[in-house]
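1. Okay, predicted coordinates and the sequence, questions at the end:
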Amino acid sequence: MKRTAVVILNYNGEEMLRRFLPSVVEYTPDADIIVADNASTDGSVALVKENFPTVGLIILDRNYGFADGYNKALESVTADYVLLLNSDVEVTPGWLEPLVAALDADESVVACQPKVLDFKRKTHFEYAGAAGGFIDRYGYPFCRGRIFDTVEEDCNQYDTACDIFWATGAALLVRAAAFRAVGGLDGSFFAHMEEIDFCWRLRARGHRIMFVPGSKVYHVGGATLSAGNPKKTYLNFRNNLLMLYKNLPADELRCVMRVRCLLDYVAALKFAVTGEWSHCKALFRARRDFRNMKEDYKSVREANLAATVCEIKERAGFMLLWRYYACGAKRYSQLKK
């Protein structure tokens, strides 16, 4: 067993594995490569067995989703470092070494991510991660290189290593001990926002998360759920609210949640006005289910707050919606002005 394991969670992703697993095998000689299969019903497992003899297989008994799928898979992985890699990611020569070096160089750094570019438009950053993630006061995520739906061209403007709030789940290297110490990913999330919640817990406990520009990958994106899928809207809103409830400091919780309630209803109105009724219904269902799940998360919130040892400077104090729509800040660099 090598020090680092690259774990690719798969569910009915035979074509993605066929397309992208060869680059992972070719350019990752210094790590064990493992496909963790979420009880696929296509030919994924057979593909790996027949065509990739050096790739390990973990076969789960059912589809646990992204979050719990990784939790279950990592129970049987003994490597010191684990890289969670989406099946729709094309890696590049030398992609892993800078990430491992970042963790080796500083024990306070427990997780990091590469530069994530768009596989379909390789000159531009990719939505999910870009050059490192942050969130605003009200829980809206953004990245160096991507704010809401505005994605920047990569002109090397963010080619500096820096501390970030969250690292993308598309290509996330983490110390296995730290992953387990904070309880892994939240299985109730199923998918979407789980890596941001996970990174929030890491940062609150005093650990650092880094963006490493010397590593580059290309991500297709939308392989789990497309942007137009109402289930994605549901999971994004519900999980974002759960994340805020789990992690917000006590002196901010009431104010932030009141503002978010107002903003969510504005979003629902926008969906209704544009005729996107399925998304409008998904948002209302997300808020309803959040309210129903809050009681079960009280003890989780208490444990998170008790374990918090530092203020997180990478959590922005402004309202991203105001900066973006009212002030015209469409690029990360403009947020600082």
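-> That came in fine, so what should we check first?
2. from here on, contacts and neighbour counts on C-alpha atoms
-> Will do.
3. And the average pLDDT for the helix or strand in which residue 215 is found is what?
-> Secondary structure assignment for residue 215, by DSSP states H and E: strand 208-219. The pLDDT scores in strand 208-219 average 98.
4. ranges for the strands of the stretch 151-300 of the chain?
-> Assigned by DSSP state E, counting those that start in this stretch, the stretch 151-300 of the chain shows strands spanning 162-163, 171-175, 208-219.
5. for the record, mean pLDDT for the top helix by length along the chain?
-> In the chain, taking DSSP state H as the definition, the longest helix is helix 250-273. Average pLDDT, helix 250-273: 96.
6. Are there helices or strands packed against that helix, and which ones?
-> The contact analysis (3 or more C-alpha pairs under 8 Å, 6 or more residues apart in numbering; DSSP states H and E) places helix 250-273 against helix 277-293.
7. For the helix it packs on, which outside residues touch it?
-> 230-231, 233-235, 237-239, 241-242, 264, 268-269, 271-272 (C-alpha atoms under 8 Å, 6 or more residues apart in numbering).
8. what do you get for stretch 133-142?
-> The contact list for stretch 133-142, computed with C-alpha under 8 Å, 6+ apart, reads 143-144, 147-148, 164-168, 240, 244, 256-257, 259-260, 314-320.
9. 6 Å instead, please
-> Residues from elsewhere that reach stretch 133-142 (C-alpha atoms under 6 Å, 6 or more residues apart in numbering): 143, 164-167, 256, 315-318, 320.
10. How far off centre is that stretch?
-> Relative to the chain's own centre, stretch 133-142 is displaced by 13 Å; criterion: C-alpha atoms, centre = their mean, to the nearest Å.
11. Where does the prediction get shaky in the protein?
-> Along the chain, segments meeting pLDDT under 70 span 222-227, 337.
12. mind giving me the domain split of it?
-> With domains defined by automatic domain parsing, the chain comprises 1-87, 230-316.
13. just these: most buried one?
-> Mean neighbours per residue, mean count of other C-alpha atoms under 10 Å, is largest over the domains of the chain for domain 1-87, with a mean of 18.
14. now the end-to-end length of that one.
-> Domain 1-87 has an end-to-end distance of 22 Å (C-alpha to C-alpha, to the nearest Å).
15. before we move on, what about stretch 37-55?
-> Stretch 37-55 has its terminal residues 12 Å apart, counting by C-alpha to C-alpha.
16. in stretch 215-235, what counts as buried?
-> For stretch 215-235, burial by neighbour count (16 or more other C-alpha atoms under 10 Å) applies to 215-221, 224, 230-235.
17. Perfect, that will be all.
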